[in-house]
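[1] take this sequence and fold it.
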Amino acid sequence: MDLLSDWAPTLALVFGGCCSNAITLEQVTSATPAAGSVITLLQFMLITLHGLPSHLDWTPYGPRLKPRVIGLPPYIAQVFLFYSISLINNAAFAYKIPMAVHIIFRSGGLIISMLMGWLISGKRYTPTQVFSVILVSLGVILTTLSASPASHKASSAETSSDLRTYLTGIALLSAALLLSGFLGLVQEWTYARHSNSPKKTDSSATWKEAMFYLHFLSLPMFIFLRHDLSMQFIAIHSAAQKSPLISFIPFTPAVPSIYLSLAINTITQVICVAGVNRLTTRVNALTVTLILVVRKAVSLIISVLGAQLIHFGGQVMNVDGVKMWGGALLVMLGTVGYSVGSRQAKARRGKDKSD
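    Numbers count the residues shown, from 1 in each chain. Alright, predicted model coming up:
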């Protein structure tokens with residue numbers, strides 16, 4: 001019963017929060033594809049406000065931040081990378097990237113992690129891990145090719161323009177994957193140094209601190225996007241004039257559906273981030289990976305079943321179901337295989353040390 005009472009809320013946060021976040025993100029970006037910076041800003045603000053009370057000390061001279069578990073310098077590079085990755089991923093929706101492709105493409109982080117681990121950290125990988133990464137690579141390529149601009153009633157010039165736009169979005173997602181690989185290496189180095197230091201701290205305190213500071217320290221950088229943010233707020237307001245009104249609570253004013261989706265997306269982002277970080281403190285890395293793969297599969301199924309034709313700003317994207325589902329299967333098999341191979345490699349290293 002204790003195990004169930006601990007796992008139930010954790011899985012509810014991961015599946016409920018992350019899947020709801022993916023659904024509402026698709027709704028918002030379908031109506032306003034270029035609203036990526038606004039979405040990112042709202043998410044960062046709410047996560048910062050959520051974590052602020054637990055990171056403040058009240059003194060006779062006013063509030064001040066509590067002493068950190070990890071020093072400030074290691075966070076600087078992480079903040080820049082995390083901020084850039086979040087903006088790029090959300091900005092990609094402005095380039096006609098369907099949510100299904102977005103979900104699967106971001107699952108290709110294993111490729112970047114493996115290459116960087118080999119080139120920068122000198123890590124060695126098992127044949128199972130290498131084969132699994134090849135599967136993931138093929139899956140990402142197949143999924144990327146599954147979406148294409150609708151060709152009917154369109155001139156060759158329009159089709160070429162749509163293709164360039166789509167490839168630009170793919171380039172953005174590729175850049176985000178590359179930066180994610182760097183972020184993973186920086187975080188691995190930071191947490192390795194912290195775990196080897198004489199000062200030991202509860203792991204939950206570490207991830208909660210990291211979650212807060214990565215978002216809190218990123219907020220000042222949005223000042224450089226103030227013009228884009230202003231234009232995006234105007235675009236969201238214009239889309240709200242055309243969206244249906246919804247009222248969940250009787251006798252209360254109805255609000256445009258896009259505002260409601262934006263609010264739910266921001267709230268569920270907090271739930272999703274908290275759920276994933278909570279999960280990492282309760283189970284091993286293999287179990288975390290497997291659960292997140294299943295979560296992505298659920299998000300993918302919800303997205304695809306929602307519509308076979310995905311609308312972006314009034315335009316239609318054709319999705320080849322065979323290619324997309326085939327790519328998704330390869331990504332999932334490769335991710336699971338990589339996790340199994342990682343566990344085998346870890347067990348082998350442990351056996352070599354004991355010998």
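[2] strands along the stretch 251-355 of the chain, start to end?
    Secondary structure of the stretch 251-355 of the chain (DSSP state E, counting those that start in this stretch): strands at 255-256, 309-312, 315-319.
[3] poorly predicted segments of the stretch 51-200 of the chain, please.
    For the stretch 51-200 of the chain, the stretches with pLDDT under 70 are 106-110, 121, 144, 147-160, 194-200.
[4] all strands of it, in order?
    Secondary structure of the stretch 51-200 of the chain (DSSP E, counting those that start in this stretch): strands located at 56-59, 62-65, 147-149.
[5] which of the strands of the stretch 251-355 of the chain has the lowest mean pLDDT?
    Mean pLDDT is lowest for strand 309-312 out of the strands of the stretch 251-355 of the chain, coming in at a mean of 42.
[6] follow-up on the earlier one: okay, the strands of the stretch 51-200 of the chain, which one's buried deepest?
    For the strands of the stretch 51-200 of the chain, the largest average neighbour count (mean count of other C-beta atoms under 10 Å) is found in strand 147-149, namely a mean of 19. For every residue, glycine as well, the C-beta is placed using N, CA and C.
[7] let me see the ranges of the helices in the protein.
    2-11, 18-31, 36-51, 73-91, 99-105, 109-119, 127-144, 156-195, 203-216, 226-242, 257-280, 285-306, 321-354 (DSSP state H).
[8] pick the most buried one from those.
    helix 99-105 (a mean of 26).
[9] if we can go back for a sec, turn the strands of the stretch 51-200 of the chain into a markdown table, columns for distance to S161.
    Putting the strands of the stretch 51-200 of the chain into a markdown table (distance: least, C-beta to C-beta, whole Å) gives the following:
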| stretch | distance to S161 |
| --- | --- |
| strand 56-59 | 51 |
| strand 62-65 | 49 |
| strand 147-149 | 9 |
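[10] nearest approach to G36 belongs to which of the ones you listed?
    Closest to G36 of these, according to C-beta to C-beta: strand 147-149, at 18.2 Å.
[11] and for stretch 40-55, what's in contact with it?
    With contact meaning C-beta atoms under 8 Å, 6 or more residues apart in numbering, stretch 40-55 is reached by 65-66, 86-87, 90, 208-209, 211-212, 215-216, 218-219, 222, 225, 229, 262, 265-267, 269-270, 273.
[12] distance from the chain centre to stretch 242-259, please.
    Per C-alpha atoms, centre = their mean, to the nearest Å, the displacement of stretch 242-259 from the mean C-alpha position of its chain is 28 Å.
[13] go through it and flag the buried ones.
    Under the neighbour-count criterion of 16 or more other C-beta atoms under 10 Å, stretch 242-259 has S243, P256, S257, I258, Y259 buried.
[14] how near is the second one to V28?
    Applying C-beta to C-beta, to the nearest Å, the value for P256 to V28 is 11 Å.
[15] stretch 205-213 - what's its average pLDDT?
    Stretch 205-213 carries an average pLDDT of 81.
[16] as PDB, could you dump the C-alpha coordinates of that stretch?
    Only the C-alpha atoms of stretch 205-213 are listed here, as PDB (Å, rounded to 0.1, in the frame of the first residue of the first chain):
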ATOM      1  CA  ALA A 205      16.500  19.200  -2.600                       C
ATOM      2  CA  THR A 206      19.000  19.100  -5.500                       C
ATOM      3  CA  TRP A 207      16.400  18.700  -8.200                       C
ATOM      4  CA  LYS A 208      14.000  21.200  -6.700                       C
ATOM      5  CA  GLU A 209      16.800  23.700  -6.500                       C
ATOM      6  CA  ALA A 210      17.800  23.000 -10.100                       C
ATOM      7  CA  MET A 211      14.200  23.300 -11.300                       C
ATOM      8  CA  PHE A 212      13.800  26.700  -9.600                       C
ATOM      9  CA  TYR A 213      17.100  28.300 -10.600                       C
END
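[17] so what touches it?
    Counting by C-beta under 8 Å, 6+ apart, 47-48, 51-52, 54-55, 68-70, 75, 78-79, 187, 191, 194, 273-274, 277-278, 280-281 sit against stretch 205-213.
[18] circling back: what is the nearest of the buried residues of stretch 242-259 to M116?
    Nearest to M116, judged by C-beta to C-beta, of these is I258 at 38.4 Å.
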